[in-house]
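Novice: Predicted model and sequence below, questions to follow.
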Amino acid sequence: MTTLKIKTQSNYPLEAEVITPDNFIGKTESEISEMPILLGNQTLKLGDLFSVEGDGSSEITLEGDLSRVKHIGTGMTRGKIVVHGNAGMHLGAAMLGGEIVVEGNAGDWAGSEMQGGKIHIHGNAGHGLGGAYRGSRHGMNRGLIIVEGNTGNETGALMRRGLIVVYGNVADFAGAFMLAGTVIIFGQMGARAGAGMKYGSIIAFHQPELLPTFHYDCVYSPIFLKLILQALKAQAVVIDQNWITGKYRRYSGDENTLGKGEILVYDQH
Amino acid sequence: MTLKINDVEIEDTYAEAFNMWGTRLIITGKNPKWAMQAAVTMTGFATSVIGCRCEAGIEGETQDTPDGRPGVSVLFFTMTKDDLPKRLIERIGQCVMTCPTTACYNGLQASDKLKIGGQLRYFGDGYQGSKLIDGRRYWRVPVMEGEFLIEDKFGMQSSVGGGNFLILGENPDVTLEATERAVEAMKQVRGAILPFPGGMVRSGSKTTSRYKFLHASTNDAYCPTVRGIVKTALPDGVNSVLEIVIDGLDESSVAESTRVGVLAACIPGIRLITSGNYGGSLGQYKFHLHQILGEGTPK
């Protein structure tokens, strides 16, 4: 395991895309310390800002307040990163595989445009979780994001595939312009959920205020949701058996686009 | 060499079996009744490729299903690789999709894949949708009752069809009882099914016929009612014969199924247990009864 402990807090953001298991594997402690990292517009060495301990294994542990450290695990394909504290923006963006665990909160754009792997955030996440950057055609495309706290606006926006699970509340525009994939929200959902969605599923456990371009279909017990919830159970997510066996109200939308997306609202067990 | 089990003679011969292509389906339902209903419907009229173009049977009930609901495992076989998706799409489309509350999943991890849900999805007429869950794609097809869920791809593998043995008894009652006991024992073996009614066939066939339009006809050598006028294979005192045909995903499943079946069938009143073959010239697999019942078998 490689352990990085942040030495000083800076007012400037750190661009730390170098911190991935892919970059660290097989490297010595001194080689890792020599890796470049951007502080504002200055190129420094990783060892200037972090104390580095350990060999170049596939697991990295980060300690300290890293809320201004951006791009941790960006593009990673394997291994594991554990952040004992908060993580900055773009955590695990475009990652392809492996696992990131954040014990605190994560900044905006966590898991944006990720294509595989798993992110587990024990605290809150910011805006654009699993979403798409401005101008991009799609957001998250495979993988799993679990947030135990709340998330900001545009959670799962333009999502293409994959699964986002939020235990807490989600702000506005959840699943906006979704192309496919699934967003499960156990808490309250903000306004305009599913705006512009073409396909995909938003699963809500509280009746949201729906856009008028969503239309009620029926109450039923979707089998595919049983599969997803069973799979989450296997990932140690706490799933009430009633959610697996229960019924859901189905709303189709957004009629402004294709209208083949859906918002399923837990109804009864 | 003579082999006797509980005083029942086991003939020193072999069953000749053929290469087939097989898959395993897991059908789930709201309760065991509806999962079984779909499985029974799907495997009905699937006794022999001669007349049904496929052979299928229920492998057993299972609780280990992707959606956590009660399930039934079905094995399905055809003679060629190309035939398997055709027959599966027909059978799932007509027998499983039509059956209330059911869903249908792949139960065989194999490198060869069949696109089944990916074809049946078109029944959704554009309203179908898919979900990728844990790397496996599922299709959701809207139906009047709600939604039919089916996995996109099913695994298939080279399999073994036509394992068999014949139970020759003193009278029809004891022959049926022995065969029923064999079937019950063989149901416990995973990876193999018995495609005929109740697991047994009374009208075993030979591969020739005096009629030009017929490729198979009654196995007269084992028919007691014409013993006096044909070259019979029946020992004295035998008045009824039943056959068990076995299809399996691999050789070992067929051999194990044969082993437990023969052992269970050896009851008083059974005179001989033998197997059908074509002199070894047609089938790729040979299941020698004495070999299968080898060491450790009570003699």
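Specialist: That came through, no problem.
Novice: Below-threshold pLDDT in the stretch 151-269 of chain A: ranges please.
Specialist: Applying pLDDT under 70 to the stretch 151-269 of chain A picks out residues A:269.
Novice: which bits of it sit near chain B?
Specialist: A:161-163, A:180, A:182, A:199, A:201, A:218, A:220-224, A:226-228, A:230-231, A:244, A:260 (Cβ under 8 Å from any Cβ of the partner chain). (C-beta placed from N, C-alpha, C; glycine too.)
Novice: so how far is chain A from B:Thr147?
Specialist: Not quite, residue B:147 is Glu, not Thr. As defined by Cβ to the nearest Cβ, to the nearest Å, B:Glu147 lies at a distance of 6 Å from chain A.
Novice: is it true that that residue touches A:Tyr220?
Specialist: Yes - using Cβ atoms under 8 Å, B:Glu147 is in contact with A:Tyr220, at 7.0 Å.
Novice: Comparing these two, which residue is more hemmed in?
Specialist: Taking neighbours as other Cβ atoms under 10 Å in any protein chain shown, B:Glu147 and A:Tyr220 compare with B:Glu147 leading, 20 against 16.
Novice: excluding its backbone neighbours, what's nearest the more buried one?
Specialist: B:Arg140 (5.3 Å; Cβ to Cβ, 6 or more residues apart in numbering or on different chains).
Novice: same question, A:Leu4
Specialist: A:Phe50 (4.2 Å).
Novice: Run a quick neighbour tally on the one you found.
Specialist: 26.
Novice: mind checking how far the one helix or strand B:Glu177 maps to is from the chain centre?
Specialist: B:Glu177 is part of helix B:172-186, with elements assigned from DSSP states H and E. The chain centre lies 17 Å from the centre of helix B:172-186; the measure is Cα atoms, centre = their mean, to the nearest Å.
Novice: helices or strands up against the helix or strand just after that helix?
Specialist: Following helix B:172-186 in sequence order, the next helix or strand is strand B:192-193 (DSSP H and E). Helices and strands touching strand B:192-193, by 3 or more Cβ pairs under 8 Å, 6 or more residues apart in numbering or on different chains; DSSP states H and E, are strand B:55-62, strand B:71-78, strand B:240-248, helix B:251-265.
Novice: downstream neighbour of strand B:192-193 in the secondary structure list?
Specialist: Per DSSP H and E, the first helix or strand lying C-terminal to strand B:192-193 is strand B:205-206.
Novice: Could you list the paired strands of that following strand along with their orientation?
Specialist: Paired strands of strand B:205-206, with direction, are strand B:217-218 (antiparallel) (DSSP bridges).
Novice: From the structure, what's the count of residues near the closest residue to chain A within the stretch 101-250 of chain B?
Specialist: Using Cβ to the nearest Cβ, the closest approach of the stretch 101-250 of chain B to chain A is made by B:Leu149 at 4.3 Å. Using other Cβ under 10 Å, B:Leu149 has 25 neighbouring residues.
Novice: As a check, name the ranges of all helices in the chain.
Specialist: You didn't pick a chain, so chain A it is. Counting by DSSP state H, chain A has helices at residues A:21-24, A:29-33, A:46-49, A:223-234, A:241-245.
Novice: Can you look at chain B instead?
Specialist: All helices of chain B, identified by DSSP H, fall at B:32-43, B:49-52, B:83-91, B:117-120, B:172-186, B:251-265, B:289-292.
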